[in-house]
Structures are given as structure tokens and as C-alpha cells.
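Engineer: Turn this into a structure:
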Amino acid sequence: MVASVTLIIQISLLCLFRLMNITNGQYRVMQGFQVGISELPYMASLRIKGLEHNSRIGAGMFCHATIIRNRVLLTSAYCIFNRNQDDILVVVGNTYLKGMSHTMKVLEISDWRLHGLYKYEGLPYDIAMIFTESDIEPVEGSVGYLPLSKDAIKPNTHCLLAGWGQSNPSTQQTWSNIPHAIWLRTVSKLDCHMYTREPGLICTKAKKNIGADFGNIGGALVCDYKFYGISSQVASDSSLATFTEVRAYSKWIRAAMYLHFNGSRNGIMALRSIFSQRPLILAISIYVATK
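Structural biologist: Predicted structure coming up:
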């Protein structure tokens, strides 16, 4: 079942990637188009409990998240910093922010972990993992898992970013009822580091004030049908957008899942750097290597 849904996700993404305009053999970044949950079933929204059914568009929503496996989602640490997990819900399987559908699931959070070295509004270590109380089972056309990338991103790669961030700059609303997607082009690691002065990031290029914005925080940067980056903060005066590179935190991701499903949930609420806990990581590495 999981394999079939994964195949459907890849086919849907393939269709979206083929929508890219090509002029004289060159790709041209599009300025946004509507998409549905059937095309991007890994998308989830984080909402404040008690407001998720409000009639106002986007009521209660404050960030995006991405389903990577059963009961596990990745998002930005910025999204959950200093929040109470008992006040937050995860919503999956629904295209529209306003209203409900028969495929929509509202999930309680059992635990979450943000990187222990993250500092509020900082770019480094901007990654967090959310664990739901109930199963997130794949459902054809509405719920699926996005596979994590194991490869480094190449410059000039065209990637997809989608979310409920408002695509119309003339409106005062933060959220759009229907998700929109946009194509972004990656820049070189050197240029990204020159801009951010920080490691573990992916930078994308777009026209000024077009592309990723505040309304996309926590969303997935998808390249070649895989999860490459988590949308971070965007400077309004810059044409570059930054994403936390998923590949750079692969050990942290594995460790966080191991501690949740096999260790004590209350033992370590926020993992420190993988380099600052050598005994812990050695034990986890032995476990991973023997799996």
C-alpha cells in the first residue's frame, strides 16, 4: 500500500514538473499555480486548537509540515519554538483550509523535538520533528509520505515549493484557501554560504518578492520527487530564499525517530548537536548499523 501511494506521489510530481515552461531549451520559473492535495499528499498544516474549524480562511493555521512516514512529520523549528504541543493540531488530507472533506484527518500531537542548538529566528538548525498520536496511513489521492533525499543538491536545479501561503500580494490575508506551487532555482553552495554565512542550508533564486515567503515556512522543497529542504525565513529585500537542507540533518532525523519509538519520550525533549553527544550518537549509530 505504501509503495503504491509513493508511486502515485512520484507520478503526480512528474506531471507537475512537466508543467514547467521551456523556452529555447531553458527552464523558466513560474510565478505560481494552484495545486490540490491529490498532487502533493505529503502536505500538512499546523493549526492552533480550537480555531481549526473557524469559517475564516486559514483560521488557526500558522505553519506547514511534511509527512515523511507513519506518525512522523518534519517542519521548521521556528514553527514550534516556545509553543505548547497540547495547543496544536496537525491537519492532513485536505486541499482547502476553509471547511472539511471526507479525506481530512485532524491529529493530536504526542510529542515533538526541535534541534537543541536552534536559536529563535536563526537560520542554523532550523528543523523539528512532530509525532502524532494516531496513525497517518497512506490514502490514495490525499495522504502520502515524501521520501527524504540522500544526495546533495546541484546548482540550477528546479525545485517545487507548495503551500497555503497567500499568492496574491494585494490582499491582506496571510493564507490562501487553495494551495499554490512555485518553481524555484537552486544556487551554488558557495553563493548560498556567501549570502547566509551558515552551513546546512539550500538557497533558491527567484525574482524579488516572488517565490517563497513567510506564508511558506515549514513547507517542503521538492526536487526530483524527493524532500530536499524545509522552508525557512525569507528576507523581504532579497531575491534568495533559504531552506534547511534535510540531507545535512539525516543523522539527527534518525536519532530523533529512534529516541521516540524506541527510547524514552521524556528523556531528551530536544536533541543537541550530533557532534556534542558522542556516547549517545555512538549507541544510536550502532543501532542503525545493525538494522
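
Engineer: In the protein, where is pLDDT below threshold?
Structural biologist: 1-31, 51-58, 166-173, 207-215, 233-238, 264-291 (pLDDT under 70).

Engineer: Helices along that one, start to end?
Structural biologist: Assigned by DSSP state H, the chain shows helices spanning 2-17, 77-80, 189-196, 250-262, 278-290.

Engineer: what does the second one rub up against?
Structural biologist: It refers to helix 77-80. 46, 62-65, 88, 112, 114-115, 118, 120-121, 125-128, 130, 217-218, 232-233 (C-beta atoms under 8 Å, 6 or more residues apart in numbering). For glycine as for every other residue, the C-beta is placed from the backbone atoms N, C-alpha and C.

Engineer: Identify each buried residue in that helix, please.
Structural biologist: A77, Y78, C79, I80 (16 or more other C-beta atoms under 10 Å).

Engineer: Same check on the fourth one?
Structural biologist: The neighbour-count check on helix 250-262 (16+ other C-beta under 10 Å) flags W252, I253, R254, A255, A256, M257, L259, H260 as buried.

Engineer: and the contacts of helix 77-80, which are buried?
Structural biologist: For those, buried by 16+ other C-beta under 10 Å: 46, 62-65, 88, 112, 114-115, 118, 125-128, 130, 217-218, 232-233.

Engineer: Could you list which of the residues you listed belong to strands?
Structural biologist: Of the positions in the buried ones among the contacts of helix 77-80, L46, F62, C63, H64, A65, I88, W112, L114, A128, I130 sit in strands, assigned by DSSP state E.

Engineer: Nearest to V35, out of these: which one, please.
Structural biologist: H64 (13.2 Å; C-beta to C-beta).

Engineer: Hmm, W175 and the closest one touching each other?
Structural biologist: No. At 10.5 Å, H64 does not count as touching W175 under the criterion of C-beta atoms under 8 Å.

Engineer: what residues do these two have in common as contacts?
Structural biologist: Residues touching both H64 and W175 by C-beta under 8 Å, 6+ apart: W164.

Engineer: re the thing from before, want to try JSON lines for the ones in strands among the buried ones among the contacts of helix 77-80, with distance to E39 as columns?
Structural biologist: Listed next are those as JSON lines, based on distance: C-beta to C-beta, whole Å:
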{"residue": "L46", "distance to E39": "21"}
{"residue": "F62", "distance to E39": "23"}
{"residue": "C63", "distance to E39": "21"}
{"residue": "H64", "distance to E39": "15"}
{"residue": "A65", "distance to E39": "17"}
{"residue": "I88", "distance to E39": "26"}
{"residue": "W112", "distance to E39": "27"}
{"residue": "L114", "distance to E39": "29"}
{"residue": "A128", "distance to E39": "25"}
{"residue": "I130", "distance to E39": "23"}
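
Engineer: which among the residues you listed gets closest to L190?
Structural biologist: A128 (27.8 Å).

Engineer: residues contacting that closest one?
Structural biologist: A128 makes contacts with L74, T75, S76, A77, C79, I80, W112, R113, L114, H115, Y118, as judged by C-beta under 8 Å, 6+ apart.

Engineer: Tabulate these (CSV), appending distance to D151.
Structural biologist: Below are the contacts of A128 laid out as CSV (distance: C-beta to C-beta, whole Å):
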residue, distance to D151
L74, 17
T75, 22
S76, 22
A77, 24
C79, 26
I80, 28
W112, 27
R113, 25
L114, 25
H115, 22
Y118, 25
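
Engineer: tell me which of those residues is nearest to C223?
Structural biologist: Set against C223, the nearest of the contacts of A128 by C-beta to C-beta is L74 (15.4 Å).

Engineer: and the gap between K226 and T196?
Structural biologist: As judged by C-beta to C-beta, to the nearest Å, K226 and T196 stand 22 Å apart.

Engineer: and the residue lying closest to F33 once chain neighbours are set aside, how many neighbours?
Structural biologist: In space, and not counting its chain neighbours, F33 is closest to A181: 6.0 Å by C-beta to C-beta, 6 or more residues apart in numbering. Applying other C-beta atoms under 10 Å, we find 20 residues neighbouring A181.

Engineer: Would you quantify the distance from the nearest residue to S38 once chain neighbours are set aside to I68?
Structural biologist: Counting by C-beta to C-beta, 6+ apart, S38 lies nearest to G141, which is 4.4 Å off, once chain neighbours are set aside. Distance of G141 to I68, computed by C-beta to C-beta: 19 Å.

Engineer: which of these two has more neighbours?
Structural biologist: A count of neighbours by other C-beta under 10 Å puts I68 above the other of G141 and I68, at 21 against 15.

Engineer: surely the residue nearest to S38 meets H102?
Structural biologist: No. Between G141 and H102 there is no contact under C-beta under 8 Å: 11.1 Å.
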